[in-house]
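Student: Coordinates only, no sequence provided:
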């Protein structure tokens, strides 16, 4: 059997490991622009110098060799023929089974969004934040995030809380915190609710304790070079960090893939792309059924990718006993000195108070996670 996996992020690499385990003799091909993984969760530590760019880059050459993977360096342009053909800028590639894990993209439609830094776009954005703060002796830093109104799960709020609290800690360590005003903005009156009903109040309490101002519950209108503009007023700022909502990969919009209203590839509970055989999706590319608190995060991508690979191998073997992926949200909101552990499942939410141990747990997890790919 010939299995093709698109991407080199969390979902894609988990799919590689799972597919190889379940199908030891399969031919596995990975198609992506680079044979490199960027560990995005640790971008939060670049502004403080706790991590450098090279710490977060993982060359996958050795991992692919160990997994007996054929890597094709190319950019996906389309998926046709019911999922059996992947069209790239380097030609077309056929498969017996496909897992789409190319990630999503940020919705950059707000006027003036070119004036903001979107941290999760990658290492250059995090380094830009580091340089901007380094060259500021005082001023106002505005930090916020938005969503995709047609796809509630397609947002990245957690990292923005971490950049906010991390910058607060950094400025305190430098003895400069009194020179700065930090403002958190969000169109929701209680941001972070998908983490659990009690989480927004707890997070806002943390902000108040640290002297962080808030501008909440007002729809975003746009940005200027030194201004955040909302329906509830403007925020003057010397530096603006903003995470827009997300949508599906650019190539999907012109493809035969079934898309959700929010522009993501529609999947069922087994991670199968709706209406297509032997074609699956995992991670930020997909729109999945389930609770309204689903989130776009690495842990969820891993859970989806595991089931996508297992179910694909079953389907290729003629089986129909597919298993749904598990709905679970686990994260540590890091402050550069402490961490807040949050876990949410169908049974409810567990949230621990800020703890130094959780900060180091997040760093240890990063090391252990990356070891398998180095």
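Tutor: Thanks, I have it. Owing to the predicted nature of the structure, the values given are computational and were not obtained by experimental measurement. Residues are numbered from 1 along each chain as shown.
Student: drop to CA atoms for contacts and neighbour counts, all remaining ones
Tutor: OK.
Student: where along the stretch 1-150 of the chain do the strands fall?
Tutor: 2-6, 27-32, 36-38, 57-59, 69-73, 76-80, 85-88, 91-94, 97-100, 105-106, 139-145 (DSSP state E, counting those that start in this stretch).
Student: Paired strands for the third one, with orientation please.
Tutor: What that stands for is strand 36-38. Strand 36-38 has the following sheet partners, assigned by DSSP bridges: strand 57-59 (antiparallel).
Student: Need the winner for burial among the strands of the stretch 1-150 of the chain.
Tutor: Mean neighbour count (mean count of other C-alpha atoms under 10 Å) peaks for strand 97-100 among the strands of the stretch 1-150 of the chain, with a mean of 27.
Student: packing partners for that strand?
Tutor: Applying 3 or more C-alpha pairs under 8 Å, 6 or more residues apart in numbering; DSSP states H and E, one finds that strand 97-100 contacts strand 2-6, helix 10-22, strand 279-281, helix 298-316.
Student: re the thing from before, include distance to residue 218 and mean pLDDT when you put the strands of the stretch 1-150 of the chain into a markdown table, please.
Tutor: Output for those, formatted as a markdown table (distance: least, C-alpha to C-alpha, whole Å; pLDDT from 0 to 100):
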| stretch | distance to residue 218 | mean pLDDT |
| --- | --- | --- |
| strand 2-6 | 38 | 98 |
| strand 27-32 | 39 | 98 |
| strand 36-38 | 34 | 97 |
| strand 57-59 | 37 | 97 |
| strand 69-73 | 43 | 98 |
| strand 76-80 | 37 | 97 |
| strand 85-88 | 41 | 98 |
| strand 91-94 | 46 | 98 |
| strand 97-100 | 35 | 98 |
| strand 105-106 | 20 | 94 |
| strand 139-145 | 12 | 98 |
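Student: List the residues that contact residue 142.
Tutor: Counting by C-alpha atoms under 8 Å, 6 or more residues apart in numbering, residue 142 touches 182-185, 228, 235, 237-241.
Student: redo that, cut-off 6 Å
Tutor: Residues near residue 142 by C-alpha atoms under 6 Å, 6 or more residues apart in numbering: 182-184, 237, 240.
Student: what distance separates the start and the end of stretch 213-225?
Tutor: For stretch 213-225, the first and last residues are 20 Å from each other (C-alpha to C-alpha, to the nearest Å).
Student: and what of stretch 63-75?
Tutor: End-to-end for stretch 63-75, by C-alpha to C-alpha: 20 Å.
Student: one step back: among the contacts of residue 142, which pair sits farthest apart?
Tutor: With C-alpha to C-alpha as the measure, no two of these lie farther apart than 184 and 237, at 11.2 Å.
Student: Helices along this structure, start to end?
Tutor: Counting by DSSP state H, the segments of the chain that form helices are 10-22, 53-56, 61-66, 123-134, 158-173, 199-209, 298-316, 356-371.
Student: Including mean pLDDT and mean neighbour count, could those go into JSON lines?
Tutor: Listed next are the helices of the chain as JSON lines, based on pLDDT from 0 to 100; neighbours: other C-alpha atoms under 10 Å:
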{"stretch": "helix 10-22", "mean pLDDT": "98", "mean neighbour count": "23"}
{"stretch": "helix 53-56", "mean pLDDT": "96", "mean neighbour count": "15"}
{"stretch": "helix 61-66", "mean pLDDT": "97", "mean neighbour count": "14"}
{"stretch": "helix 123-134", "mean pLDDT": "98", "mean neighbour count": "17"}
{"stretch": "helix 158-173", "mean pLDDT": "97", "mean neighbour count": "21"}
{"stretch": "helix 199-209", "mean pLDDT": "95", "mean neighbour count": "15"}
{"stretch": "helix 298-316", "mean pLDDT": "97", "mean neighbour count": "24"}
{"stretch": "helix 356-371", "mean pLDDT": "97", "mean neighbour count": "14"}
